[in-house]
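Engineer: Let me see the structure of the following:
(2 chains)
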There are 2 protein chains.
Amino acid sequence: VSRHFADRLADAIAARRTPAVVGIDPVLERLPTGLRPRDGSLASACEAVEAFARGVIDAVAAIVPAVKINSAFFEAFYDRGVAAYYRLIRYAHRRGLLVIGDVKRGDIGSTARLYACGHLVRGRFADWSDENLPDAATLAGYLGRDSVQPFIDAAARQGTSVFVLVRPSNPSADEIHEFGGHEPLYLHLARCVHAWGSVAELRGACGLSCVGAVVAAKDVASTRALRKAMPHTLWLVPGYGAQGASLDACRACFRAAGDGALISASRSVIYAFEDKATLARHAGDWQACVAEAARRFARDIATCAASAGGAKP
Amino acid sequence: VSRHFADRLADAIAARRTPAVVGIDPVLERLPTGLRPRDGSLASACEAVEAFARGVIDAVAAIVPAVKINSAFFEAFYDRGVAAYYRLIRYAHRRGLLVIGDVKRGDIGSTARLYACGHLVRGRFADWSDENLPDAATLAGYLGRDSVQPFIDAAARQGTSVFVLVRPSNPSADEIHEFGGHEPLYLHLARCVHAWGSVAELRGACGLSCVGAVVAAKDVASTRALRKAMPHTLWLVPGYGAQGASLDACRACFRAAGDGALISASRSVIYAFEDKATLARHAGDWQACVAEAARRFARDIATCAASAGGAKP
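Structural biologist: All right, here's what the predicted structure looks like:
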């Protein structure tokens, strides 16, 4: 049994001095020249993507406290890709990183119990290493409490955590999340997540719950309303960089003490070598480009978190 | 490229004379005596579950037009289970069944594109057989059109289909789906699904779209409102049997012609052998118990569909 995820994360953030998280979203079409697959086979495609992901993890391991590994990018290679996903989680753990498994699973309770087994629950089989499992998983909670409870039960027992989708970063999500009567769906979801996770038994020494939320940083006013509805909730904030969230928008995600949020960037960091000038400056070393982008991102987010208490209302 | 999924399904329903679908949700704790794992290892657990699922497919292949294979129950065994999931899809195809992959995936567009690759898109790798991929996949559309568009694009090109969650069967889903102002979220979702799928290019010769919906049969009045909002939408109706949907509730899911809905049952069919009297009557043959339950289910649903046009308003 590990300590509470939020407390382990607080230590890791203190050690790296930033609440920035790098997202691992590798696509075949954007691999560095030297890592392109040798042929059009599934086997070589999957190997190439895994090698790239390992290289990104090596490049950022000393810079950020955690990585978020997006399952979809490995499921694209079927069971072979899923095997790589689990291996990469272990690889990141061995480099001292916390790992968030970005799986966005959500189904009725009897099915959610099995999803929790596949993605979070420890101690099931002697011939399986739990080092392969992430420290936290993202979930879709649209099927209500049933759909997250098996994950919460595991989290409470085993020092892991969940992040429930409350406000996605893509514009088309507003089609659903702005829907409502006296308040929009995303605020209703926020109240549910708070209710599911705010009980004392689920909170760490730092006060944050093991039931976290995925909250995109959109306009500052709505972000403040969400923070007010979820005072003890750790947020995973997607969309810095390529998806367009600004530093000002991210600042409103933190609590006044500068804690309570992890800011994630994927494409703007892991594909930093695509910029020809950057690659030339690093003499063609793609990992140096990724490390440089990660350091800049980590520093920007650290400054952002530090200034959160003084943010203008 | 295959014919439109809804047309292939209509043929299969005509051949089996029922729109009943068996759900494959195998759990270790409920396997027939002879199939229990030989030890506590992941390897033997996964083999046992796969053998049971094959046995269920054999038992129902001549009775129903399609099976729904629930990914969660295989993801519980990590990449090894995911490999079994794909093998079972191929196994069901070779026994003449259509296959719905129950994966409930949903994420922003750039991620949804990768999920579509892993679960629906054909023709990607020479060393991969598309026979391993389902004919249709269930999706979570809560992130809006972006989150389903890559699947719809594949479906339109390749004669496959999607079923987007509109109204889940579990009571706790109401916590989210009853939310709203002048109408509940589930009706808003229904209008989105209709809008995403009702264009002529996405509809088969039978008139039904490749953008289907997962709709639990709850009270008849709300089911009728949903049917009115989605006149060209094929429904996958979960929850007959163990989850409590009645025949009267299911009847309201069909269109007046008795088409437009697939009714799914899992536990009430695949665990029919757990009833001691049933097992004794079949001299301990668990597959005969499953086949008998499937035949009764298939007949009940056929009668239900046939009476749909005459259902009282």
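Engineer: Who are the contact partners of the residue in the stretch 151-300 of chain A that chain B sits nearest to?
Structural biologist: Across the stretch 151-300 of chain A, the shortest distance to chain B (CB to the nearest CB) belongs to residue A:181, at 2.6 Å. (Each C-beta comes from the backbone N, C-alpha and C, glycine too.) Listed by CB atoms under 8 Å, 6 or more residues apart in numbering or on different chains, the contact set of residue A:181 reads B:180, B:181, B:182.
Engineer: Could you do residue A:270 as well?
Structural biologist: A:22, A:23, A:24, A:25, A:26, A:56, A:290.
Engineer: my read: the last one touches residue A:58, true?
Structural biologist: Put plainly, it is residue A:290. No: taking contacts as CB atoms under 8 Å, residue A:290 lies outside contact range of residue A:58: 9.1 Å.
Engineer: Compare these two (neighbour count), which wins?
Structural biologist: Legend: neighbour count by other CB atoms under 10 Å in any protein chain shown for residue A:290 and residue A:58, higher for residue A:290 (27 against 15).
Engineer: Look at the residue nearest to the spatial centre of chain A and tell me its secondary structure.
Structural biologist: Chain A has residue A:68 as the residue nearest its centroid, 4.1 Å off, counting by CA atoms, centre = their mean. Recorded secondary structure, residue A:68: strand (DSSP: H, G, I helix; E, B strand; the rest coil).
Engineer: wait, doesn't it sit right on residue A:53?
Structural biologist: No: when contacts are counted by CB under 8 Å, residue A:68 is not listed as touching residue A:53 (11.8 Å).
Engineer: Need the overlap of contacts for the two.
Structural biologist: Contacts common to residue A:68 and residue A:53, judged by CB under 8 Å, 6+ apart, are residue A:24.
Engineer: these two touch, right, residue A:103 and residue A:68?
Structural biologist: No: taking contacts as CB under 8 Å, residue A:103 lies outside contact range of residue A:68: 10.5 Å.
Engineer: Can you pull the residues that touch both of these two?
Structural biologist: In contact with both residue A:103 and residue A:68: residue A:138, using CB under 8 Å, 6+ apart.
Engineer: how about the strands of chain A, start to end?
Structural biologist: For chain A, the strands defined by DSSP state E cover A:20-24, A:66-70, A:98-105, A:136-139, A:161-167, A:211-215, A:235-237, A:261-265.
Engineer: For the ones you listed, give me JSON lines that also has distance to residue B:154 and mean pLDDT.
Structural biologist: Shown next, in JSON lines, are the strands of chain A (distance: least, CB to CB, whole Å; pLDDT from 0 to 100):
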{"stretch": "strand A:20-24", "distance to residue B:154": "24", "mean pLDDT": "98"}
{"stretch": "strand A:66-70", "distance to residue B:154": "19", "mean pLDDT": "98"}
{"stretch": "strand A:98-105", "distance to residue B:154": "19", "mean pLDDT": "98"}
{"stretch": "strand A:136-139", "distance to residue B:154": "24", "mean pLDDT": "98"}
{"stretch": "strand A:161-167", "distance to residue B:154": "23", "mean pLDDT": "98"}
{"stretch": "strand A:211-215", "distance to residue B:154": "26", "mean pLDDT": "98"}
{"stretch": "strand A:235-237", "distance to residue B:154": "29", "mean pLDDT": "98"}
{"stretch": "strand A:261-265", "distance to residue B:154": "28", "mean pLDDT": "97"}
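Engineer: Just tell me which of these ends up closest to residue A:5.
Structural biologist: Nearest to residue A:5 among those is strand A:161-167 (3.6 Å), distances taken as CB to CB.
Engineer: Packing partners of the closest one?
Structural biologist: strand A:136-139, helix A:149-158, helix A:185-197, strand A:211-215 (3 or more CB pairs under 8 Å, 6 or more residues apart in numbering or on different chains; DSSP states H and E).
Engineer: quick one: it to strand A:98-105, angle?
Structural biologist: Strand A:161-167 runs at 50 degrees relative to strand A:98-105, counting by axes from the mean of the first three to the mean of the last three CA atoms, to 10 degrees.
Engineer: Which residues does strand A:161-167 contact?
Structural biologist: Against strand A:161-167 from outside (CB under 8 Å, 6+ apart): A:5-6, A:100, A:104, A:120, A:135-142, A:148, A:151-152, A:155, A:173, A:177, A:186, A:189-190, A:193, A:196, A:210-216, A:218, A:226, A:230, A:234-236, B:142-143.
Engineer: swap the cut-off to 6 Å and go again
Structural biologist: Defining contact as CB atoms under 6 Å, 6 or more residues apart in numbering or on different chains, one finds that strand A:161-167 is touched by A:5, A:136-141, A:148, A:151, A:155, A:186, A:189-190, A:193, A:210-216, A:236.
Engineer: pull the longest helix from chain A.
Structural biologist: Scanning chain A for the longest helix, with DSSP state H as the assignment, gives helix A:286-306.
Engineer: angle of that one against strand A:261-265?
Structural biologist: 150 degrees.
Engineer: Check the offset of helix A:286-306 from the chain's centre.
Structural biologist: Relative to its parent chain, helix A:286-306 has a centroid offset of 16 Å by CA atoms, centre = their mean, to the nearest Å.
Engineer: Sort out which residues of it are buried, please.
Structural biologist: Applying a neighbour-count criterion of 16 or more other CB atoms under 10 Å in any protein chain shown, one finds A:286-295, A:297-298, A:300-302, A:304-305 buried in helix A:286-306.
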